[in-house]
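Chemist: From the sequence below, what's the structure:
(chains A and B)
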Amino acid sequence: MAMVDPTAWRDAGQVFQSEAVRFSIIARRELGALATTPSDGGIEEFDGLVAGMLPAVMETVDSTIDGIAENLAAEGAALLEMGDTYANAQPDIEQWDEEELV
Amino acid sequence: MTLDVPPELATTLRRLDRSWPVSDEQTLNEIAAAFLRIRPTIQSATATMEQALVRVEATNDPRLTGSINHFLSTAGSLSSLKDFDGAAASIAHGFHSVAGTVVALKAVILGHLVLLATVQQVARYDGAAGAATLTIALEETRRLVDEAVALAVQAVQGGEDADDGSDPADVARPQELERLAAWADERQDSQDYEAAVEIWHDLLAQLPEPTTEHPLAMWALAPLGDALFELGRFEEANEALAGALLAGGTGEAFVWLRKGQALVEVGDEEAGVEALTSALMLMGDEILDDEDPKYRQLLVDRGIIKD
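Modeler: As a prediction, the model looks like this:
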């Protein structure tokens, strides 16, 4: 008899969705309000370069955080949906025999 | 704490017609710390999701789990999240290094200002000859300061032109080197220091001579020194960390910390205190928070920090 546990799929879906939110909130909290270093009145070539680092990095980091959080949430939703699908099909799946495993 | 030009040298700086760097090493270190702070969240999220997938695999027929779990753990966002953890560490290293460069540039400029101020004082009592000497000193100091700024700019840009004229072998195996580095990092994070040491040695053996000039050298020698220190192999740790400093790690507080600790452990307390003091100058005494209290006590005993 084939094993199927819809609850495990649903739990995994919920874990993915909640971790997506947690990751997004904490990353935003830690990285969202970082101050860059000043550049006015210093050595233009050097201080300008240093001051420009954080905005350049954050441009990529922001979109990466958004992308990862959105995709994790979407994958969580897919796992929840799989759980529902397998819950509906559970009696049929449990009837799968060893031949069908080959 | 930010290194600033002392008021008594401000006039000399104005006379030099050069500006003091306004980049703030403390802010740069805070940015680095923020990137390091998100790593535990990423790592715990990754572990929690992997555990959930393990449970799915354990309680469901493989025909139901195989394809989706493989996708989620290798090509999905779980994999992207793991990559982001590594990226956060690299970004933090980068900002720490730039903070070190800012401190180094300020220290160099300060040194030149002190010398110039001395020449100014002497020149006052030497009439026309003194004025000529001062003019030469001003020109020479401007040249040296400009040179230091150019080097600092080059350091911040991260050696963008570093591959120019280099051995093609340097760039022929970057994926292999990255794979080894990721593997060693993973072993080190799991506190499997013996394995990490082996892998770091393997990686370093693949770098062309002189090893310390390769862009990856510092990033391999520093964790190698750390792993050796954790294993109590202090002589070897000291050697690896000396290499890390040669390879450009002078702006890395952690390298100085481990070097100082290793030196203390091998009995060279004087040099150890010096290295620990360098770590403190770069990152403050909080760098000792998670270390054996005996190192803090040593610095207290020497009057470097207050109890």
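Chemist: per-residue confidence for residue A:38?
Modeler: Residue A:38 is assigned a predicted lDDT (pLDDT) of 89.
Chemist: contacting residues around the closest residue in space to it that isn't next to it in sequence?
Modeler: Spatial nearest neighbour of residue A:38, excluding adjacent residues (CB to CB, 6 or more residues apart in numbering or on different chains): residue B:22 at 4.7 Å. (Each C-beta comes from the backbone N, C-alpha and C, glycine too.) By CB atoms under 8 Å, 6 or more residues apart in numbering or on different chains, the contact set of residue B:22 is A:37-43, A:47.
Chemist: so which helix or strand takes in residue B:22?
Modeler: Assigned by DSSP states H and E, residue B:22 belongs to no helix or strand.
Chemist: Quick check: phi and psi on it?
Modeler: Backbone torsions for residue B:22, taken as degrees, to the nearest 10, come to phi -100, psi 0.
Chemist: measure it to residue B:108 for me?
Modeler: According to CB to CB, to the nearest Å, residue B:22 and residue B:108 sit 16 Å apart.
Chemist: Repeat that for residue A:62.
Modeler: To residue B:108, residue A:62 is 35 Å away according to CB to CB.
Chemist: How about the one helix or strand residue A:27 maps to and chain B, any contact?
Modeler: Per DSSP H and E, residue A:27 falls inside helix A:6-31. Yes. If you take CB under 8 Å from any CB of the partner chain as the test, helix A:6-31 does meet chain B, through A:8-9, A:11-12, A:15-16, A:19, A:22-23, A:26-27, A:30-31.
Chemist: Tabulate those residues in a markdown table, adding columns for neighbour count, distance to residue B:273 and pLDDT.
Modeler: Shown next, in a markdown table, are the residues of helix A:6-31 next to chain B (neighbours: other CB atoms under 10 Å in any protein chain shown; distance: CB to CB, whole Å; pLDDT from 0 to 100):
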| residue | neighbour count | distance to residue B:273 | pLDDT |
| --- | --- | --- | --- |
| A:8 | 23 | 56 | 94 |
| A:9 | 29 | 58 | 93 |
| A:11 | 17 | 54 | 96 |
| A:12 | 27 | 52 | 94 |
| A:15 | 21 | 49 | 96 |
| A:16 | 28 | 50 | 94 |
| A:19 | 25 | 45 | 95 |
| A:22 | 15 | 43 | 94 |
| A:23 | 23 | 42 | 95 |
| A:26 | 17 | 38 | 93 |
| A:27 | 25 | 39 | 94 |
| A:30 | 17 | 34 | 93 |
| A:31 | 21 | 36 | 94 |
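Chemist: from those, which single one is nearest residue B:218?
Modeler: Nearest to residue B:218 among those: residue A:31, at 25.0 Å, using CB to CB.
Chemist: give the contact list for that closest one.
Modeler: A:58, A:61, A:65, B:34-35, B:38 are the contacts of residue A:31 under CB under 8 Å, 6+ apart.
Chemist: got it, and residue A:11?
Modeler: Contacts for residue A:11 were tallied using CB under 8 Å, 6+ apart; they are B:52, B:55.
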